[in-house]
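Pasting the sequence and the predicted coordinates here, then a few questions.
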Amino acid sequence: MDKLTIKASPALAGNVTISGAKNAALPILMAGVLAETDFVVSNVPNLRDVNTSCELLRCLGADVEQLAGAKVRISTTNLNECCAPYDLVKTMRASILILGPLLARFGTADVSLPGGCAIGARPVNLHLHGLEQMGAKIDVEEGYIKARVDGRLKGAHIFMDMVSVGATENLLMAAALADGTTVIENAAREPEVSDLANCLVAMGAKISGIGSATLTIEGVAHLSGCEYRVMPDRIETGSFLIAAAVTRGSIRCESADPKALEAVLAKLEDAGAQITSGDDWIALDMKGKRPKAVNIKTAPYPAFPTDMQAQFCVLNALAEGTGRVTETIFENRFMHVPELSRMGAKMELEGNTCIIEGIEKLNGAQVMATDLRASASLVIAGLMADGLTTVDRIYHLDRGYEHIEDKFKGLGGEVIRVK
Ligand SMILES: CC(=O)N[C@H]1[C@@H](OP(=O)(O)OP(=O)(O)OC[C@H]2O[C@@H](n3ccc(=O)[nH]c3=O)[C@H](O)[C@@H]2O)O[C@H](CO)[C@@H](O)[C@@H]1O
Ligand SMILES: C=C(OP(=O)(O)O)C(=O)O
């Protein structure tokens, strides 16, 4: 099993090119099921979850070509199977996003329940309830969601109890091909939801309110393929910016979108970073200074993203002062805390808040990656730790960061993959 070893690094410096966003690419690939003609997605990151998504589409009978230049071409002409099996779904939660498209286009979908995962239970009741409101009959049998509809799904007025990115995406895709108008209230406003909505519009869907909490979808009978470019990964961008901040460096992220990252950039400025940006780049300069501790509370967009919480814990662990980090989205997303504590970080958990007293440097240690962003936080911590840090179980990291060791190497960070 691959591992990463990380040595104490000098201040990170230079340019890094940001990849396409995992959390936008995965729903957009699933939306391929809705397209009756060839669909080409570009700026698709080369990640384990992308390969799993392509595998899932192939297993349904779709023709999927992963082309050079970060492109994927999907043709659904031969799609003849409507079952997403457990073996694939268990490795990637985003598989649940195949449910809405299959049901909307073919009237039938059997999708394995994704089950819980390390960061929390992650139920799918909102996905199922919304589809039922659109006329689907849903049974859960032997670990599978079995959804059926006679004819087309019907437009419905759906109020979401909680802000859910996945449920908003599933219902948006289902509503695009439904008969009549669907209104989704209290919809997630994450930039990745808007990216999916813009892709559906490019396929011929009629959606208004994109980027707001009320999405109105006038269903159409057919959607066609198009060529669509996935947005830049705001979480990868934020992760590199934090790595630069903790090493007191100065980097520039190319192909990045500063508008999607406002809450994170504001916190980095509070930590003492100088941030400058243009339409498609963001630069951070710490001018050799140690960051100051900041308080963080995760919440749905446009507030501070849960996917950046672990990385900010590391920033606080190395900052001047004491910072409080509160997680409100997932009930078990502090698994990096015991690992960072093994590296000498002074962290204490009180319910869903982590209180962190900053120290000058961590100690290298053998640590274990427990989930995707926790893994990224351990790599960042290793850059400011005396001695060698080894991060085990990096298959989590490979789900969400493309060529992470090469990108760090380009900035002067000593991150090496050991096969
Ligand atoms: C709002 C939010 O920040 N969502 C994050 C969530 O998206 P993801 O789509 O995975 O999760 P949701 O947005 O659906 O979940 C948000 C909250 O709603 C709850 N829930 C969700 C669906 C449902 O049917 N029932 C239910 O109770 C979840 O348990 C969670 O507490 O994880 C992704 C991966 O880390 C992040 O990129 C998203 O930013
Ligand atoms: C936890 C994440 O992804 P997933 O929803 O695919 O598990 C993430 O992107 O941080």
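Now that the structure is in, tell me what you want to look at. Ligands and ions are numbered 1, 2, ... in the order given.

How about the residues of the chain by ligand 1?
Applying C-beta under 6 Å from any ligand atom, we find that the chain lies next to ligand 1 at 23, 120, 122-127, 162-167, 188, 190, 300, 305-307, 329-330. (C-beta placed from N, C-alpha, C; glycine too.)

What ranges does this structure have for its helices?
Secondary structure of the chain (DSSP state H): helices located at 22-31, 48-59, 86-89, 99-106, 125-133, 165-176, 191-202, 234-246, 262-270, 309-317, 336-342, 372-383, 395-398, 404-410.

contact partners of the fourth one?
This points to helix 99-106. Contacts of helix 99-106 with the rest of the structure, by C-beta atoms under 8 Å, 6 or more residues apart in numbering, involve 30-34, 60, 76, 79, 82, 84, 108-109, 111, 127, 131, 136, 145, 147-149, 152-153, 169-178.

Also the fifth one?
When contacts are defined by C-beta under 8 Å, 6+ apart, helix 125-133 is touched by residues 96, 99-100, 103, 138, 145, 147, 153, 156-158, 160-162, 164, 166-167, 170-171, 174, 184.

The third one now?
Contacting residues not belonging to helix 86-89 are listed as T52, E55, L56, C59, S95, I96, V111, S112, L113, P114, G143, Y144 [C-beta under 8 Å, 6+ apart].

could you dump it to PDB, C-alpha only?
C-alpha atoms of helix 86-89 as PDB (Å, rounded to 0.1, in the frame of the first residue of the first chain):
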ATOM      1  CA  TYR A  86     -22.500  -2.300  -3.800                       C
ATOM      2  CA  ASP A  87     -18.900  -3.100  -4.800                       C
ATOM      3  CA  LEU A  88     -18.600   0.300  -6.500                       C
ATOM      4  CA  VAL A  89     -20.900   2.400  -4.300                       C
END
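
is it anywhere near ligand 2?
No. Helix 86-89 is not in contact with ligand 2 by C-beta under 6 Å from any ligand atom; minimum separation 11.7 Å.

picking that back up, how about CSV for the contacts of helix 86-89, with pLDDT added?
Shown next, in CSV, are these (pLDDT from 0 to 100):
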residue, pLDDT
T52, 96
E55, 98
L56, 97
C59, 97
S95, 96
I96, 97
V111, 98
S112, 97
L113, 94
P114, 90
G143, 95
Y144, 97
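
what's the closest of those to T390?
Set against T390, the nearest of the contacts of helix 86-89 by C-beta to C-beta is T52 (26.1 Å).

Not counting residues beside it along the chain, what's closest to that closest one?
Counting by C-beta to C-beta, 6 or more residues apart in numbering, the nearest residue to T52 once its immediate chain neighbours are dropped is M92, at 4.4 Å.

what pLDDT does that neighbour get?
As summarised for this prediction, M92 has a pLDDT of 94.

residue contacts, it?
Applying C-beta under 8 Å, 6+ apart to M92 gives the contacts L26, D49, T52, S53, L56, R399.

Between which two of those residues is the distance greatest?
Longest distance between any two of the contacts of M92 is 14.2 Å, between L56 and R399; criterion C-beta to C-beta.

Give me the buried subset of the contacts of helix 125-133.
Buried members of the contacts of helix 125-133, scored by 16 or more other C-beta atoms under 10 Å, are 96, 99-100, 103, 138, 145, 147, 153, 156, 158, 160, 164, 166-167, 170-171, 174, 184.

are any of the residues of the chain next to ligand 1 buried, and which?
If we count by 16+ other C-beta under 10 Å, the residues of the chain next to ligand 1 have these buried: 23, 122, 124, 126-127, 163-167, 188, 190, 300, 305-307, 329-330.

Restricting to those, which residues neighbour ligand 2?
With C-beta under 6 Å from any ligand atom as the criterion, these include N23, D307 near ligand 2.

out of the contacts of helix 99-106, which are buried?
Buried, going by 16+ other C-beta under 10 Å: 30-34, 60, 76, 79, 82, 84, 109, 111, 127, 131, 136, 145, 147, 149, 152-153, 169-178, out of the contacts of helix 99-106.

Can you name the residue of the stretch 1-150 of the chain nearest ligand 1?
L126 (3.3 Å; C-beta to the nearest ligand atom).

Not counting sequence-adjacent ones, nearest residue to E405?
V415 (4.5 Å).

now that neighbour, which residues is it bridged with?
I6 (DSSP bridges).

Let's see the pLDDT reported for I394.
pLDDT, I394: 94.

ok, how many other residues are close to it?
Residues near I394, counting by other C-beta atoms under 10 Å, number 23.
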